[in-house]
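[1] model this:
(chains A and B)
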Amino acid sequence: MTGLRYVYAVCRPFGTPLQAQLTGVGGDPPRLVPHHDLVAVVSHVPEADFAEEPLRAHLEDLDWLTTVARAHQGVIDALTTVTTPLPLRLGTVFRDDSGVRTMIEAREENFLRRLDRLEGRVEWGVKVFLEAGPEQAAEQAAERPAPQPAAMSGRDYLRRRREQTRSREEQWQRAETFATDLHRTLTGFAEDSRLHAPQNPTLSGHSGRNVLNAAYLVPRGESEAFVEQVERTKDDSPGLRVELTGPWAAYSFAGEDAAGEEASGEKAGREGTA
Amino acid sequence: MTTPSRLPDPYGQGGGANLADILERVLDKGVVIAGDIKINLLDIELLTIKLRLVVASVDKAKEMGIDWWESDPALSSRARRDELARENAELRERLARLEELEPRRAEEEAP
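    Residues are numbered from 1 along each chain as shown, chains lettered A, B, ... in the order given. From the prediction side, this is the model:
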């Protein structure tokens, strides 16, 4: 078995070596496949896991997926400390190095253009959560059938429902205003931004409801100012929680060219897999 | 290993990074390229994973925040309880409206 090539990212050649102990997907250390002015970062992975059929089956196994996702992110993270990687989506697999080079060859201009755009930039993630306050907790309790006091009259019940609805609407209104203002402010400190779908609280393990989930493209040199700006907002928002993650590789900005520059190579790629 | 200068320390990353943050990026973002190994990209759309996981492991799926079946009456006892609670609430509202329409009669009938 010769093994397949799992590709994490495409970068410009970089001088600093990766951490010696860094392991990627399947425990294989990331290796470099250079081609012209670009280098693909790959791991050798077994066909038993990454050929079409086993890969499809594995993708439905959350434990497997979690392990691979963390390994993928680990390599991208390591690359981010030494260069500006163009991260590929999880599960990009080729037969051999030559297949990887052919892929780079076909998309060379596109990669170079994207790398130029992202050079020296990192991504920061900012999320805003509406904390479950005492009112909300009480309301949730009231919505459960069991603790409903049997003695309450229909009219009292209706009045209480109205009050709860009003208070919930006010909370949402406040959270939305805060998130909108924060996003506007942070956009001013970033070169670009993306709004992502709110995260499910159970998946993220966070408490509260996610009202803003945004990504900002920020030059490394300006990251400190960006982070300080986020930190400043943390205290003036009772009932709301602001969370910062990063620096990430520019995942959220890697998949698209600047406006109006849809690459034909990318389109062909998408159609090829449809 | 040297970190580029003036880059603040990582926030919420490393081993403790939130799984949702990671999956959101490595599955949903990044450059999409068709490799030699053809997988239908839909296979790794989060939504599809969510749906399929339910079959694999309910606990794990719940951990992932996947609980759509809980609100589908055909699939869950909790959903049936919710259904009852909703019906209960509707009845209470109807009762309240009736009481408002006929307050005196309601009072007279009280023992």
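[2] burial count for B:L27?
    20 (other CB atoms under 10 Å in any protein chain shown). Just so you know, the C-beta spots here come from the backbone N, C-alpha and C atoms, and that holds for glycine as well.
[3] need the longest helix for chain A.
    helix A:154-188 (DSSP state H).
[4] Can you name the next helix or strand after that helix?
    strand A:192-195 (DSSP states H and E).
[5] Contacts for that next one, please.
    A:H183, A:L186, A:T187, A:L212, A:N213, A:A214, A:A215, A:Y216, A:L217, A:S252, A:F253 (CB atoms under 8 Å, 6 or more residues apart in numbering or on different chains).
[6] out of those residues, who's nearest chain B?
    A:S252 (5.0 Å; CB to the nearest CB).
[7] so which helix or strand takes in the closest one?
    helix A:251-254.
[8] outside of that helix, which residues touch it?
    By CB under 8 Å, 6+ apart, helix A:251-254 touches A:76, A:86-87, A:114, A:117-118, A:121, A:123, A:192, A:194, A:196, A:215, A:217, B:25-26, B:29-31.
[9] Please flag which of the residues you listed sit within helices.
    Short answer: those in helices (DSSP H) are A:I76, A:R114, A:R117, A:L118, B:R25, B:V26.
[10] Now for the second one, how many residues are close by?
    Right, A:R114. A:R114, neighbours per other CB under 10 Å, totals 25.
[11] So it is in contact with B:V31, correct?
    Yes: with contact defined as CB atoms under 8 Å, A:R114 reaches B:V31; the gap is 7.5 Å.
[12] So for the residue nearest to A:R114 when sequence neighbours are not counted, what's the pLDDT?
    Among residues not flanking A:R114 along the chain, A:L86 sits closest, at 5.5 Å (CB to CB, 6 or more residues apart in numbering or on different chains). As predicted, A:L86 sits at a pLDDT of 97.
[13] show me what contacts residue 93?
    All of this refers to chain A. Applying CB under 8 Å, 6+ apart, the residues near A:V93 are A:L4, A:R5, A:Y6, A:V7, A:V45, A:F50, A:L55, B:G35, B:D36, B:I37.
[14] um, chain B though
    Going by CB under 8 Å, 6+ apart, B:E93 touches A:G154, A:Y157, A:L158, A:R161.
[15] tell me which of these is nearest to A:T66?
    Nearest to A:T66 among the contacts of B:E93, counting by CB to CB, is A:R161 at 41.1 Å.
[16] distance of that closest one from B:E93?
    For A:R161, the distance to B:E93 (CB to CB, to the nearest Å) stands at 8 Å.
[17] isn't A:P198 right up against A:V211?
    Yes: taking contacts as CB under 8 Å, A:P198 lies within contact range of A:V211: 6.7 Å.
[18] burial measure for B:A20, as a count.
    22.
[19] Touching, it and A:Q199? I think so.
    Yes: using CB under 8 Å, B:A20 is in contact with A:Q199, at 4.8 Å.
[20] just to revisit the earlier point, so for A:P198 and A:V211, which residue has more residues nearby?
    A:V211 (19 against 15).
[21] Surely that one touches A:V128?
    Yes: between A:V211 and A:V128 there is a contact under CB under 8 Å: 5.1 Å.
[22] Identify the contacts common to the two.
    In contact with both A:V211 and A:V128: A:A175, A:A179, A:L240, using CB under 8 Å, 6+ apart.
[23] between those, which is nearest A:L38?
    Looking across these and measuring by CB to CB, the closest to A:L38 is A:A179, at 38.6 Å.
[24] Once you drop chain neighbours, what's closest to the closest one?
    A:L212 (3.8 Å).
[25] which phi and psi does the one you found have?
    Note on A:L212: backbone dihedrals following degrees, to the nearest 10 are phi -140, psi 130.
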